[in-house]
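# generate coordinates for the sequence data below:
(4 chains)
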Number of protein chains: 4
Amino acid sequence: MTIRFGLIGTGRIGQVHAANIARSDDATLSWIADPFVDGARRVSERFGGAVTSDPGELLASGEVDAVLVASPTPTHIDLIARSIERGLPVLCEKPIDLDIARVDALRETVRSAGVPVALGFNRRFDPAFASVRARVTAGEIGSLEQLTIVSRDPAPPPAAYIAESGGIFRDMTIHDFDMVRFFLPEIVEVSAAGSALFDEGAREHGDFDSAVVTLRDRSGAIATIINSRHSAVGYDQRLEAFGPTGSLSVANAATSLVSLSTAQTVEAKPPYQDFFLERYAQAYIDELHEFVRLVRGEESTSPTFEDGRAALVLADAAQRSATEHRVVSIDPAE
Amino acid sequence: MTIRFGLIGTGRIGQVHAANIARSDDATLSWIADPFVDGARRVSERFGGAVTSDPGELLASGEVDAVLVASPTPTHIDLIARSIERGLPVLCEKPIDLDIARVDALRETVRSAGVPVALGFNRRFDPAFASVRARVTAGEIGSLEQLTIVSRDPAPPPAAYIAESGGIFRDMTIHDFDMVRFFLPEIVEVSAAGSALFDEGAREHGDFDSAVVTLRDRSGAIATIINSRHSAVGYDQRLEAFGPTGSLSVANAATSLVSLSTAQTVEAKPPYQDFFLERYAQAYIDELHEFVRLVRGEESTSPTFEDGRAALVLADAAQRSATEHRVVSIDPAE
Amino acid sequence: MTIRFGLIGTGRIGQVHAANIARSDDATLSWIADPFVDGARRVSERFGGAVTSDPGELLASGEVDAVLVASPTPTHIDLIARSIERGLPVLCEKPIDLDIARVDALRETVRSAGVPVALGFNRRFDPAFASVRARVTAGEIGSLEQLTIVSRDPAPPPAAYIAESGGIFRDMTIHDFDMVRFFLPEIVEVSAAGSALFDEGAREHGDFDSAVVTLRDRSGAIATIINSRHSAVGYDQRLEAFGPTGSLSVANAATSLVSLSTAQTVEAKPPYQDFFLERYAQAYIDELHEFVRLVRGEESTSPTFEDGRAALVLADAAQRSATEHRVVSIDPAE
Amino acid sequence: MTIRFGLIGTGRIGQVHAANIARSDDATLSWIADPFVDGARRVSERFGGAVTSDPGELLASGEVDAVLVASPTPTHIDLIARSIERGLPVLCEKPIDLDIARVDALRETVRSAGVPVALGFNRRFDPAFASVRARVTAGEIGSLEQLTIVSRDPAPPPAAYIAESGGIFRDMTIHDFDMVRFFLPEIVEVSAAGSALFDEGAREHGDFDSAVVTLRDRSGAIATIINSRHSAVGYDQRLEAFGPTGSLSVANAATSLVSLSTAQTVEAKPPYQDFFLERYAQAYIDELHEFVRLVRGEESTSPTFEDGRAALVLADAAQRSATEHRVVSIDPAE
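The predicted structure is shown next:
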């Protein structure tokens, strides 16, 4: 069964999904909605699909089997609600929302609807991270004791983006919180330190551009996230899983196999990949594939609405910890 | 202008070209010929194009702007000749032929035809090798003094293939000879040593499975090629360009960003890529792109019929050197 | 002027200092004191020097120009006090003491004595860490924004040692606290998370075997320390200094230049160095050299009594943070 | 039994040996001879030993148990002969002599003398090369099929040195020939290519500054040596042993654990070690240790006079091959 997709939102990430849907043997792009209808039209020209400025028309068309929500964050809750109301499975970009109260308000609806709602935590599908997770689960390094994530964006977003972002923890670290939960699902304690060191936008809006978060799992394992909104060397995405019998590490992705050695420096390589579209290209493809399995009722590793909510809970805790200078407890069962 | 391609031959490499033509914005797959017509049909089903068992029908169709020859080596000479007779540009897989006499017989025809004939030396288009070549040309390490190529296949081909291959130098090293000429176009001397160490097929047919070739350029620069028909660690493809102010190296392509450290070994990575289809996937795409430019009369870096012939001259010299245990002189102007 | 050393304590680390003194062109081993007088005798046999079981005899001998205190921690305060009373410069192994009150009681005496008291924070002298510090100071990566230290011992000490150690922060992390202060001298906030995951001794004595500490500098820069009392891959000692224009990293020390590639794993290297005596062999030599300069009244980079006290302040804060689950403020001017 | 050494020659390498003898628990420096007697005196001041300008006095002193010959090459034959005449074991720096006829004239004397004559092929004792040799012998990669040695000096020697050196093969490659024989003792064929690309001294004296040598073992295994008299990146010393089940590689020795990543290049490391005194410091120590074992009649891995001769045979063959442009056969049994 080919899944007919309705895509809502045709920005940078919407375009990635459109291309992956079009290239997939299991999916077609059936409808595209964007209030900025020219964007939708341009995507349709490349990859097919009917075009509308109104997501409602897409949902009501009867021609979509699943919805991919890639619109701005404030629209997510509403679009998820309206999709599941029609019985349509949703793959929604992260975060669900910036406000945990709004997420909680939808929670019961999602639970009882019996319609799959998946969250776009693409990094779970990255072949490297997925492989480390599988090898840890297989016991290759024993019980996980320490998880260290370095995650730095190449350059800060515009101040206007920062203003609406919900802060670094809800906007950027949210991916790392989910990655921590991918390995350590029962976080009981969060401590965060943040600084605004270089970005005027962050400073203006009381946000941080640099942060370190420490998280403790019920098992006692400790995870550390090291974030920065800039990175001269390019998109910096590393992870180390450490256990009693060894460690598994994910290195940065080289952009070239070439290195230069001179009298000044040896084995110097070209900078890393620019940003997430390049670094996680394969992850987006595999994420779609797993969502298709979910829609079909097959076994699937797609992160769920609950995963999206839990990551936001950690983000909120980190925000509170960093601004109030205190350690925050979490009840992972809530 | 979209180039309509006629593809002759739908084996492993023909299928790669078919996919790349289909995905290119500048090309379409118009006709597909293979005496094994089921193979052609299967390619057509995936990527489109009319199907025939007879290359002549393809050439005569009037619906192809360029011919891609991916059929067995013995057919190359004839297909090139018939293509240029009709004024159709050709991209022909390497080698042109195993017999230099047959190549020379076609040489004048190609020269006077005024129709582009490109050779499928795909490695020239590999981003890593191409980058080293560009940086050497830009003077980043000074005048090239030593070029070292390690090129090892994962496993030997079947004995039946060996029997028809023309020997390791004409079949496998031919790529490395072209790579040497990419950097050092005026080779004047060749010395080769070969052994049959592990492959029964090579031993049976008086061929080698292991070889080292040393080549001297008119400039005095010395190139070394180290070949093996097997490699436990996977496809082993490395290069070092060495000059007075430094060196540029191409490392093997990792298949994963993950490494494992234990009490036994640290920083252990997964094996390299299996073989050329994975390792040179991008090179095949770029090769096609440059050929399209050639067909359109734009500036192009496609290697030519003369490059194909020159590589064969070096292969013949290496064969003579290794079997007669002597150093062989070459006149690069011939 | 050759400095005549009095060495107090001939355990593992005392023996290292004895050998380095003996090999130095600037120092001789004049007296050796250890209540376990056989240990002192054995050192004397290899490297010379008069032997006594009583440090008082050493101090009163009139034949020492400087004292090296390598005895158990509880004796440090007293030996420093008695040395400076006699006007003898001291190089004391870390930590000064486990009790900040006792350290503070000595503080004014040290300040007013005008006799150099240096602390054995050997890692400052490690060529790699020293080089990163110098390059950061030279502005090679801009203002330091994030400092990440991974520091893991190969195996936990015996339970009896743990019982007397003052806890992981005062015993092990103390080195890392000093390293943080080497780069970021004005720490204003400390948050620590600790777990007892694998070591029975740690569990018994309410200590941790795994810990992560986050420290914020007055500049806003954030340092992270990741500690474990065990490490299957060997002594794990890494550091990354991250700034706006790049990063400087210290890798683990390989024990061999050899790597193995097979069909299973490629570029696998032998495990790292066992422990600090190997890893910091050169650092101990350079530490001694700088102390000799200090004794001679020359410019010196030796860390001081104040550095020793400041590291203990951070250790105390970390201990409080981890056990009381709160963020602790520090006044770096105190 | 402590071996009393007589050291003849106090140049750069003689001084290394003097220091190692002085530091060894098994050896003392008893006599030092150098016609340039000031050099001998300076060594004696640091490490002890009687001084003479006449090696004869040293040999006749009755106070030496073994002779270390580190004088200029033309004196080696005579000093070996005179040492064994007195029954004194000799460790002689490489090469024995530049003239195979002179070596052969001494050969029978050495054979029948029953006195150990060891050759200073220090690289055999390098921990990395020795480990690869041991692991190959242990079968870790199966039967050796290809051995690749890259060996490049940082900068060419003065023209006056070149004039007396016997040419690059006898002077520099001699070490690599011995390394090849360390792995593949029965070389049957040699082919060499040489060029004078950058060094005026080499050009003047008809010598090469760049060379590649291919050697075939009786087993069919092929070794390749890649030499240059200069290397911008520092002393370049690499080796790869390749077999059916994997490969073992020796990388260059880093001088620091630090790497720099910026927007231009990532993971850039400081240049390699300057030259052989640093790179092979440990090898010289282990070489001495094995020679002491040889002198004591214990099992020893010291290379012998025959090894020195065999390396010179290969050097002569390479010289003939490169100048006469032909492949040269060798009888390893001769």
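
# and A:V180, what element?
helix A:173-183 (DSSP states H and E).

# that helix close to chain C?
No: on the criterion CB under 8 Å from any CB of the partner chain, helix A:173-183 is out of touch with chain C, staying 12.6 Å away. Quick note: C-beta positions are derived from backbone N, CA and C, even for glycine.

# from the contact counts, what lies against that helix?
helix A:127-137, strand A:146-152, strand A:210-217, strand A:222-228, helix A:305-324 (3 or more CB pairs under 8 Å, 6 or more residues apart in numbering or on different chains; DSSP states H and E).

# dump the ones you listed to JSON lines, plus mean neighbour count and distance to B:T52.
Shown next, in JSON lines, are those (neighbours: other CB atoms under 10 Å in any protein chain shown; distance: least, CB to CB, whole Å):
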{"stretch": "helix A:127-137", "mean neighbour count": "18", "distance to B:T52": "40"}
{"stretch": "strand A:146-152", "mean neighbour count": "23", "distance to B:T52": "55"}
{"stretch": "strand A:210-217", "mean neighbour count": "26", "distance to B:T52": "64"}
{"stretch": "strand A:222-228", "mean neighbour count": "26", "distance to B:T52": "59"}
{"stretch": "helix A:305-324", "mean neighbour count": "22", "distance to B:T52": "54"}
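
# out of those, nearest to D:A118?
Each of the helices and strands packed on helix A:173-183 has some distance to D:A118 by CB to CB; the shortest is helix A:127-137, at 49.5 Å.

# for the spatially closest residue to A:V150 that is not a sequence neighbour, helix, strand, or coil?
Once flanking residues are discounted, A:V150 sits nearest to A:R238: 4.3 Å by CB to CB, 6 or more residues apart in numbering or on different chains. At A:R238, secondary structure determined by DSSP: H, G, I helix; E, B strand; the rest coil is strand.

# confidence score at A:R238?
With respect to pLDDT, A:R238 has a value of 97.

# what's the separation between it and A:L147?
Separation of A:R238 from A:L147 (CB to CB, to the nearest Å): 12 Å.

# mind listing the strands for the stretch 151-300 of chain A?
Under the criterion DSSP state E, counting those that start in this stretch, the stretch 151-300 of chain A contains strands at A:187-195, A:210-217, A:222-228, A:236-243, A:246-250, A:258-262.

# the inter-axis angle of the first one versus helix C:305-324?
It stands for strand A:187-195. Relative orientation of strand A:187-195 versus helix C:305-324 (axes from the mean of the first three to the mean of the last three CA atoms, to 10 degrees): 140 degrees.

# hmm, strand A:187-195 touching chain C?
Yes: applying CB under 8 Å from any CB, one finds strand A:187-195 touching chain C at A:189, A:191, A:193, A:195.

# which secondary structure elements does that strand sit against?
Strand A:187-195 packs on helix A:168-171, strand A:210-217, helix A:305-324, strand A:328-329, strand C:187-195, strand C:210-217, going by 3+ CB pairs under 8 Å, 6+ apart.

# list the contacts of A:Y161.
With contact set as CB atoms under 8 Å, 6 or more residues apart in numbering or on different chains, A:Y161 has these partners: A:G201.

# from D:D199, how far off is it?
Separation of A:Y161 from D:D199 (CB to CB) stands at 59 Å.

# what of A:P74?
Distance, A:P74 to D:D199, using CB to CB: 71 Å.

# more crowded one of these two?
D:D199 (22 against 12; other CB atoms under 10 Å in any protein chain shown).

# is it true that that one touches D:P156?
Yes: the pair D:D199 and D:P156 qualifies as a contact (CB atoms under 8 Å) at a distance of 4.2 Å.

# what touches both of those two?
D:162, D:209, D:229-230.

# which single residue of the stretch 201-334 of chain A ends up nearest chain C?
Using CB to the nearest CB, the single residue of the stretch 201-334 of chain A nearest to chain C is A:G220, 3.6 Å away.

# ok, that residue - how many residues close by?
As a burial measure, A:G220 scores 18 neighbours (other CB under 10 Å).

# picking up where we left off before, including mean pLDDT, could the helices and strands packed on helix A:173-183 go into JSON lines?
Converted to JSON lines, those look like this (pLDDT from 0 to 100):
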{"stretch": "helix A:127-137", "mean pLDDT": "97"}
{"stretch": "strand A:146-152", "mean pLDDT": "98"}
{"stretch": "strand A:210-217", "mean pLDDT": "98"}
{"stretch": "strand A:222-228", "mean pLDDT": "98"}
{"stretch": "helix A:305-324", "mean pLDDT": "97"}
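
# could I get the ones you listed as JSON lines with distance to B:R86?
Formatted as JSON lines, the helices and strands packed on helix A:173-183 follow (distance: least, CB to CB, whole Å):
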{"stretch": "helix A:127-137", "distance to B:R86": "46"}
{"stretch": "strand A:146-152", "distance to B:R86": "57"}
{"stretch": "strand A:210-217", "distance to B:R86": "66"}
{"stretch": "strand A:222-228", "distance to B:R86": "61"}
{"stretch": "helix A:305-324", "distance to B:R86": "61"}
